[in-house]
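Peer 1: below is the sequence, then the predicted model.
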Amino acid sequence: MKRKHTRLWQNLTILGLSLSALALLGQVASFELGLDGSLKSLTSQFNDTIIAPSFSDTSHSVDLSTLSAPMNLVVTGEYGRYGGLLVSSDTTGVDQALSLLREALGSAYGGGQVSSDLFRELVAQRGICFDFLLPVPISVMSGRLQAEFDPGGSARYYLIADTGDATAALFLWDGGDTVQQYTTAVDLSALSQVVSSFESNDARFAFEAGEEYAALDPFTLVTSQRVHASTLHAATPAAAQSVDDLLSLLDFNPHTNSRYPLSNGTEVVVEYPRTLRVQTDGTVLYTGGTEPASTLYQITAEGTSATRTEAVLAALQLSETLLSYGGIDVSSLWFSGITAIDGGWLVTLDYQVGGIPVYFSDGENAISVEITGTTITAFHCRFRQYTIQESTYPLLPLTQAVAMASAYDGGFLTVGYVDQGSDQLQPTWLVR
C-alpha cells in the first residue's frame with residue numbers, strides 16, 4: 001500500500017509539472033505573437049484565426065482586362081457623326097467599337113508619324129475616335145483589351161480611320177506634337193458595320209464648333225443634347241472601420257502592443273519598418289521597406305524591377321484585396337495614371353460610376369500605390385461606396401458651361417462627380 005501511495009504521488013507530481021510546462025510554453029507563445037502573455041489572449045488569437053473571415057482569399061486578376069477606362073467616343077460616318085460623352089458599356093455599339101480597337105491594336109504593324117494638325121483632318125473621315133481623357137501607356141491599354149501590342153510610349157486618343165487604303169489605319173496620339181500611325185488588318189467593311197450602328201447626333205469637337213468654343217481644348221466634345229446624369233449616395237463602408245480585420249488582411253498582428261491612437265482619432269500600428277495609419281474617415285495609409293513582409297507586397301516580375309504593366313497589375317491586385325475588405329466592387333475603379341519615381345512607379349486608381357469619374361475635392365486619388373523594384377512600399381486607400389439614385393440631374397446647358405470654362409484658356413470641358421465628404425453627389429461640368 002505504501003508503494004502504491006508513493007507511485008500515485010509521483011504521477012500527480014509529474015502531471016502537475018507537465019501542466020506547468022504547458023502553461024509556461026503557452027505564455028512564451030503568447031509573447032512571441034505580440035500578445036500580453038496570458039493564455040486567454042492566446043486562445044482569443046486561435047479563435048480569431050479559425051473563425052475570422054479571410055478577406056485575402058479574394059481571387060486576384062491575372063491581367064488588366066477588368067480595369068475600367070472612362071472615355072469619350074466619336075464615330076464619324078458618311079451621313080453624320082455620333083459623339084458620346086463618357087459613354088458606358090451599356091451604350092449600344094460601345095462593346096463592338098472596343099472589339100474593333102482590340103483587333104486594330106492586335107494587328108498593328110509598320111509605324112510612322114504624322115502631325116497633330118493632320119490628326120484634325122483625320123477625325124473628320126470615316127472612323128472611330130476614342131478619347132481616354134489622359135495619356136495611358138499603350139502597353140496598359142493593350143493589356144486591358146487583351147491585345148499584344150507595345151510600341152512604347154503613351155496615348156490618349158486612339159483613332160481607327162479609313163484613309164483610302166485596303167484596310168483601316170490606327171493612329172495613336174498623346175496630345176503632343178506628333179501622332180503615331182500604324183497599318184492594321186481591320187477590314188473596312190467591319191469598320192463600316194460598327195460605324196453604322198451609331199446614330200448621328202451632330203456632335204463636334206471644339207475646334208469645329210466656332211469662335212465661341214475657341215478658348216477650350218480643341219478636342220473638347222460638343223453635343224447638342226443637354227446632359228443628364230444620375231445623382232449618387234456616398235458613404236464610408238462600415239466594414240472599413242474594423243481595424244482588427246484590416247490588420248489581419250494586411251498581414252499585421254492585430255494583437256500587437258505597438259499600436260496607439262493619435263489625438264485626431266487616427267490609429268497607428270508599427271511593425272518596423274512597416275507603419276499603418278487608419279483614419280476615422282476610412283482612409284488607410286501604409287509605408288514599408290523594400291523587403292516584402294509577405295506575398296501581398298511582393299510583385300511578380302520578370303526582371304529585378306516591375307515594368308509599367310506589371311506595376312499596374314500589382315496595384316489592381318492590391319486594390320482588389322483592399323476593396324474586398326470594404327465590401328466595394330473593384331469594377332468601380334478606373335486606372336488614372338502611372339508616374340515614374342525614384343526606383344519604381346506610382347500608380348493611381350480612382351472611382352467611377354456609370355463611366356463618369358469621381359474626383360475628391362482635396363485632389364487626392366482613391367488609391368495610390370508606390371512600388372520600388374518588385375515590392376509595394378507604400379499605399380493610400382480611401383474607402384468610399386457610391387449608390388446610384390433613381391433621380392437624374394440636369395447639368396447646366398452647354399453654352400453656359402462653355403462661357404464659364406472659357407476663363408481657363410485651353411481647358412478641357414468634361415463631366416464628373418466631386419466628392420466633398422457629403423452623402424449626396426451631383427454630376428457637374430469640370431475643366432481639366
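Peer 2: Yep, that arrived.

Peer 1: helices or strands next to the helix or strand hosting Val369 in the packing?
Peer 2: Secondary structure assignment for Val369, by DSSP states H and E: strand 367-372. Judged by 3 or more CB pairs under 8 Å, 6 or more residues apart in numbering; DSSP states H and E, strand 367-372 is in contact with helix 308-326, strand 344-353, strand 375-382. Where C-beta positions appear, they are placed from N, C-alpha and C, glycine not excepted.

Peer 1: walk me through which strands it pairs with, and which way each runs.
Peer 2: strand 344-353 (antiparallel), strand 375-382 (antiparallel) (DSSP bridges).

Peer 1: which is the next helix or strand following the first one?
Peer 2: Following the chain from strand 344-353 toward its C-terminal end, the next helix or strand by DSSP H and E is strand 356-360.

Peer 1: what does that next one contact?
Peer 2: 70, 86, 133, 229, 232, 334, 336, 350-352, 366, 382, 384, 386, 415-419, 425, 427, 430 (CB atoms under 8 Å, 6 or more residues apart in numbering).

Peer 1: what about 10 Å?
Peer 2: 68, 70, 85-86, 88, 133, 229-230, 232, 234, 332, 334, 336, 350-352, 365-366, 382, 384, 386, 414-421, 425, 427-428, 430, 432 (CB atoms under 10 Å, 6 or more residues apart in numbering).

Peer 1: rewinding a little: to Ser196, which of the helices and strands packed on strand 367-372 lies closest?
Peer 2: Proximity of those to Ser196 was assessed by CB to CB; the nearest stretch is strand 344-353, lying at 28.8 Å.

Peer 1: between strand 356-360 and the closest one, find me the angle.
Peer 2: Put simply, strand 344-353 runs at 120 degrees to strand 356-360, going by axes from the mean of the first three to the mean of the last three CA atoms, to 10 degrees.

Peer 1: dump the C-alpha coordinates for the strand holding Val369 into CSV.
Peer 2: As requested, the backbone C-alpha atoms of strand 367-372 are provided in CSV (Å, rounded to 0.1, in the frame of the first residue of the first chain):
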residue,chain,number,x,y,z
ILE,A,367,-6.0,54.6,-54.3
SER,A,368,-2.3,55.3,-54.9
VAL,A,369,0.4,52.6,-54.8
GLU,A,370,4.2,53.1,-54.7
ILE,A,371,6.4,50.4,-56.0
THR,A,372,10.1,50.1,-55.6
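
Peer 1: tell me the angle of that strand relative to helix 308-326?
Peer 2: 130 degrees.

Peer 1: if we can go back for a sec, reformat the helices and strands packed on strand 367-372 as JSON lines; add mean neighbour count, distance to Gly112 and mean pLDDT.
Peer 2: Shown next, in JSON lines, are the helices and strands packed on strand 367-372 (neighbours: other CB atoms under 10 Å; distance: least, CB to CB, whole Å; pLDDT from 0 to 100):
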{"stretch": "helix 308-326", "mean neighbour count": "22", "distance to Gly112": "24", "mean pLDDT": "94"}
{"stretch": "strand 344-353", "mean neighbour count": "22", "distance to Gly112": "30", "mean pLDDT": "97"}
{"stretch": "strand 375-382", "mean neighbour count": "22", "distance to Gly112": "39", "mean pLDDT": "97"}
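
Peer 1: just checking, Val269 touches Asp251?
Peer 2: No: using CB atoms under 10 Å, Val269 makes no contact with Asp251, being 11.5 Å away.

Peer 1: what bits of the stretch 151-300 of the chain have low per-residue confidence?
Peer 2: The model of the stretch 151-300 of the chain has pLDDT under 70 over residues 239-241.

Peer 1: show me where it has its strands.
Peer 2: Ranges of strands in the stretch 151-300 of the chain, per DSSP state E, counting those that start in this stretch, are 154-161, 167-173, 178-187, 204-205, 221-222, 228-235, 259-261, 267-271, 274-278, 283-287.
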